[in-house]
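[1] Quick one: sequence plus predicted model below, questions after.
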Amino acid sequence: MSTSETVYLNGEFMPLENARVPVLDRGFIFGDGVYEVIPVYSRRPFRLPEHCRRLQRSLDAVRIANPMTDAEWARLVGELVARNADEDQYIYLQVTRGVAKRDHAFPRDAKPTVFVMSSPLATPARELVENGVPCVTAVDFRWLKCDVKSVSLLGNCLLRQAAADAGAAETVLFRDGWLTEASASNVFVVKGGRLLAPPKNHLMLPGITYDVVLELAAAKNIPAEVREIAEREVRDADELWLTSSTREVLAITTLDGRPVGGGRPGAVFKTVYQAYQEFKRKVMRQAA
Ligand code: PDD
């Protein structure tokens, strides 16, 4: 098998280094497009229908016609997974409005550009799961459509770089004193044995992992509340977690240099992390 990753671009499979997009693609010029990141375990995409549903929501929000049906997306993702070497992969797919002369208003007849790639999925190392990760905080200065999974990620990149600069894993965001999410993950809070999650609205991405975590909490009889969470409650939390398709569930053990709770991943985290791993194995067995 070739060591180069195989990608898909506008109807063709090719080695990553051969994939080319014209410079007038609106994804390049305006960040005019949307994307999805889908984890694949043992060659089986995890929660693909939910990712397809969110992709449709994002496309609708930015008025790009979906170039494929869900069945076509599933076939394409399956084929790309088969063409790549790793058992665990993550699929990155993006749809832009296409190539057109530069004009902010939408072109009349551009054809959406479809790009899909696979990368090896490295879920967090044992050491990170066992020790948790440091995070910093920042004011959430992004736009008011954070529920759209847009490729315009400059705000997220700047915020994530603040974490990188501080040697931290993520930047937890507050807007007007309320928790929204982190630069590329959702955030959960535990206080007094109760799980708290901010409500899905225009200020955060409706995470697929976020839904899985709330389902698992319910299955494990962990009391959970979806409501607005004040910055003070985050700073006072017993536990804080990050969730995302590539990081799964990860404990935050310091926030702005101060320990979260006891400074170690907490008991509720351990229960949900374990449940997540079991759930993954169960779903993968069923799909086999
Ligand atoms: N990011 N919030 C933001 C801003 C994100 O970018 C992500 C995911 C999430 C978590 O969503 P999900 O559980 O569906 O992965 C929340 C992906 C992994 C990325 O951009 O690479």
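    All right, it came through fine.
[2] Touching, G27 and V99? I think so.
    No: applying Cβ atoms under 8 Å, one finds G27 not in contact with V99, separated by 9.3 Å. Every C-beta, even on glycine, is put in place using the N, C-alpha and C of the backbone.
[3] Within the helices and strands, which one has the residue of the stretch 51-200 of the chain found nearest the ligand?
    Closest residue of the stretch 51-200 of the chain to the ligand, Cβ to the nearest ligand atom: A184 (3.9 Å). Here A184 sits in a region with no helix or strand, counting by DSSP states H and E.
[4] hmm, back to that, and G27 and V99? which has more neighbours close in?
    Just comparing G27 and V99: by other Cβ atoms under 10 Å the higher neighbour count belongs to G27, 22 against 19.
[5] any idea how far E79 is from the more buried one?
    To E79, G27 is 23 Å away according to Cβ to Cβ, to the nearest Å.
[6] And L242, by the same measure?
    Distance of L242 to E79, computed by Cβ to Cβ: 31 Å.
[7] Those two: which is more packed in?
    Each of L242 and E79 has its neighbours counted (other Cβ under 10 Å); L242 has more, 25 against 14.
[8] Tell me the backbone dihedrals of the more buried one, please.
    With angles defined as degrees, to the nearest 10, L242 sits at phi -110, psi 150.
[9] Touching, it and P134? I think so.
    No: using Cβ under 8 Å as the test, L242 is too far from P134 to be in contact (11.3 Å).
[10] Between these two, which contacts overlap?
    Counting by Cβ atoms under 8 Å, 6 or more residues apart in numbering, the contacts common to L242 and P134 are 169, 252.
[11] What residues does the chain have near the ligand?
    Listed as neighbours of the ligand in the chain under the rule Cβ under 6 Å from any ligand atom: 37, 156, 181, 184-186, 205, 207-210, 243-246.
[12] what do you get if the cut-off is 8 Å, keeping everything else the same?
    Taking Cβ under 8 Å from any ligand atom as the measure of proximity, the chain contacts the ligand at 35, 37, 39, 51, 54, 90, 92, 146, 149, 153, 156, 181-186, 204-210, 212, 243-247.
[13] Output the contacting helices and strands for the helix or strand V136 falls within.
    V136 is located in strand 133-139, with elements delineated by DSSP H and E. Packed against strand 133-139, as judged by 3 or more Cβ pairs under 8 Å, 6 or more residues apart in numbering; DSSP states H and E, are the following elements: helix 154-165, strand 170-175, strand 239-244, strand 248-255.
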